[in-house]
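**Q** Need coordinates for the below:
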Amino acid sequence: MSLAAVIQLTSGPDVAANLAAVRQLLERARAEGAVFAALPENFAIMGRKETDKLQVSEDFGEGPIQSFLGHCARELKLWIVGGTMPIRVSTQPQKVAAASLLFDDEGRCVTRYDKIHLFDVDIPGREERYRESATIAAGQSPTVFPTPIGRLGMAVCYDIRFPELFRLMQSQGAEVLSLPSAFTAPTGKAHWEVLLRARAVENLCYVLAPAQGGMHENGRETYGDSMIVDPWGHVLSRVSAAGPGLAVAEIDHTVQQELRGRFPALSHRRFAIGSL
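**A** This is a model prediction of the structure:
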């Protein structure tokens, strides 16, 4: 059994201030015994404009935000899912990848997932409109990687609405799913928890869901409610208020394997999932 933590933030346009808040919460997570921590989407910047992230984007493998994550992982002896951060795309200079980087406890970036499904929607009943594809280049491939808390399948926010991605990751051995997010307040109220619990139940996986939560300087309100869900759909721990916070829970693979053995729904599938 290992302890994992999800971290909630209300990030703004000041990268240094955001990273200071991250460090404080990572230290709390480690003090509570966590060996693995996940940060929310856009942890380093929620700019006043969507294009602000281009100004702080980094080449993959170098830059102050990536160095910060590596130092935190090494100094605190934590595996860290670096939510998402803007990584430059050489073929599309006016766009970035929304990259979720996984660091091991020696501070090395061991794998990367780029958000595949981009949030290009008009919120029903609201004057809210989002076009992530204007500044973000979509990823193409799922990522599953071994960690101390199990084989981790990595996804981001809007990905949660596409269950075929999670089924594919489960077929590749995922035992835990990370889902850094910045859900809008109305869609979060309507769908956040039910989608998280559904992805956990249908794949018999743990779900780590760190989120942005609160009112941001750009006027956007995010839903929060960061949580950890077990393979039976129980919410083990959550951040119940808006603003920065931390939730910690045990990832128990003995319980997970017993559950998968006694309730073998995964082996009863009748249709194969193709590769992306």
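
**Q** hey, let's count contacts and neighbours off CA atoms from now on
**A** Noted.

**Q** Backbone dihedrals for Ser237, please?
**A** The phi and psi torsions at Ser237 (degrees, to the nearest 10) take the values phi -160, psi 150.

**Q** element containing the residue nearest to Gly233 when sequence neighbours are not counted, please.
**A** The spatially closest residue to Gly233, leaving aside those adjacent along the chain, is Arg197, at 4.8 Å (C-alpha to C-alpha, 6 or more residues apart in numbering). With elements taken from DSSP states H and E, the one containing Arg197 is helix 193-203.

**Q** buried stuff in that helix?
**A** With burial defined by 16 or more other C-alpha atoms under 10 Å, the residues of helix 193-203 counted as buried are 193, 195-203.

**Q** can you redo those residues as a markdown table with distance to Gly82 and pLDDT?
**A** Compiled in a markdown table, the buried residues of helix 193-203 are given as follows (distance: C-alpha to C-alpha, whole Å; pLDDT from 0 to 100):
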| residue | distance to Gly82 | pLDDT |
| --- | --- | --- |
| Glu193 | 22 | 98 |
| Leu195 | 22 | 98 |
| Leu196 | 19 | 98 |
| Arg197 | 22 | 98 |
| Ala198 | 24 | 98 |
| Arg199 | 21 | 98 |
| Ala200 | 21 | 98 |
| Val201 | 25 | 98 |
| Glu202 | 26 | 97 |
| Asn203 | 23 | 98 |
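
**Q** Where does pLDDT dip in the stretch 151-276 of the chain?
**A** Flagging of the stretch 151-276 of the chain using pLDDT under 70 yields the residue ranges 274-276.

**Q** For it, which segments count as strands?
**A** When secondary structure is read from DSSP state E, counting those that start in this stretch, the stretch 151-276 of the chain shows strands at 176-178, 206-209, 213-215, 221-223, 227-229, 235-238, 245-251.

**Q** To Glu32, which of those lies closest?
**A** Among the strands of the stretch 151-276 of the chain, strand 245-251 comes nearest to Glu32, with 7.9 Å by C-alpha to C-alpha.
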